[in-house]
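# below are the sequence and a predicted model; questions follow.
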Amino acid sequence: MKLYLAAAVLMLVLAAHTEAQEEPTLEQRFASFHTQVKDLADDLTQKTKNTFDQMEKSEFAVKTKNWFTEQFEKMKQKMSESFN
């Protein structure tokens, strides 16, 4: 009877050990997490870069930049006329 009990316990230990091996280790989980975070950051970086490129080339941005350039040139001209 002790032999049957020992065999049953051994089978339970082997089954538990097999199931435990299927779960990823802590190191594997961190590696997976690192990969997911890197992919997310790369995606976010690309989307941000594309958004800024679109904003820079938009009609509003171009007109605003030209307006500021004109105002700055007018101010420089008035300053040069005032101090000469």
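Done, it's in. Numbering: from 1, shown residues only.
# wait, Pro24 sits on Phe30?
No. Pro24 is beyond contact range of Phe30, at 9.6 Å (criterion: Cβ atoms under 8 Å). To be clear about C-beta, it is placed using only N, CA and C from the backbone, and glycine gets the same treatment.
# where along the chain do the strands fall?
Along the chain, no stretch is classed among the strands by DSSP state E.
# need the longest helix for it.
helix 26-56 (DSSP state H).
# okay, buried residues for that helix please.
By neighbour count, and taking 16 or more other Cβ atoms under 10 Å as the criterion, helix 26-56 has no buried residues at all.
# any idea how far that helix is from the chain center?
For helix 26-56, the separation from the chain centroid amounts to 3 Å (computed by Cα atoms, centre = their mean, to the nearest Å).
# and that helix, what's its mean pLDDT?
Rounded to a whole number, the mean pLDDT of helix 26-56 is 91.
# how much space between Gln36 and Lys65?
39 Å (Cβ to Cβ, to the nearest Å).
# sorry, slip of the keys, the one I care about is Pro24.
Applying Cβ to Cβ, the value for Pro24 to Lys65 is 52 Å.
# contact partners for Met79?
Met79 is in contact with no residue at all, counting by Cβ atoms under 8 Å, 6 or more residues apart in numbering.
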